[in-house]
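# no FASTA, just this:
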C-alpha cells in the first residue's frame, strides 16, 4: 500500500507542480465527500483568481484552498494576504452568480496535504 500511495501521490515521479496540485485537490475532494460535504465546484475560475474547491455542508458554503508541500513545516503561512483577498473577491462573484445561496453562511478554509512517507 505504501508503494502504491507513493507512486500516485507525486513523490519522485517527475510530475509537474500543476499535476501534483491537481492530485492534491482530488484527495481533498475525496476527503470532503466522505466527511459529508457536497462538492459544488472544483477549480472555480474568475477574473480575480481561482477557488480550488467550493463545498456545502448544511447551511454553510465553504471555500477551500488546497496546499501541498513536501514538509509540514513548509505549510505555515502559505496563504498570503493577497491570495486571501483574491479568494474573497472570487467568492463574491460566486454568490452573485448563485443567488439561491445568498442566505448561506460563508466560510474560508485551507486543506494542507503533505508527504508523510519518506
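Good, I have the coordinates. In this text, all values refer to a predicted model and were calculated from it rather than measured experimentally.
# Could you count how many residues lie near residue 52?
Neighbourhood size, residue 52 [other CB atoms under 10 Å]: 22. (C-beta placed from N, C-alpha, C; glycine too.)
# To clarify, my last question referred to residue 29.
Residue 29: 19 surrounding residues under other CB under 10 Å.
# Doesn't it belong to a strand?
No - going by DSSP: H, G, I helix; E, B strand; the rest coil, the assignment for residue 29 is helix, not a strand.
# Test my guess that it contacts residue 41.
No - taking contacts as CB atoms under 8 Å, residue 29 lies outside contact range of residue 41: 10.6 Å.
# what is in contact with the two at once?
Counting by CB atoms under 8 Å, 6 or more residues apart in numbering, the contacts common to residue 29 and residue 41 are residue 53.
# For the chain, which residue occupies the most central location?
The residue lying closest to the centre of the chain (CA atoms, centre = their mean) is residue 66, at 3.1 Å.
# give the contact list for that one.
Contact analysis of residue 66 by CB under 8 Å, 6+ apart lists 21, 24-25, 28, 52-53, 110-111, 113.
# what about it, helix or strand, and which?
Secondary structure assigned from DSSP states H and E places residue 66 in strand 60-69.
# Can you mark which positions in the next helix or strand along the chain from that strand are buried?
Downstream of strand 60-69, the next assigned helix or strand under DSSP H and E is helix 81-97. Of the residues in helix 81-97, 86-87, 90-91, 94 count as buried by neighbour count, 16 or more other CB atoms under 10 Å.
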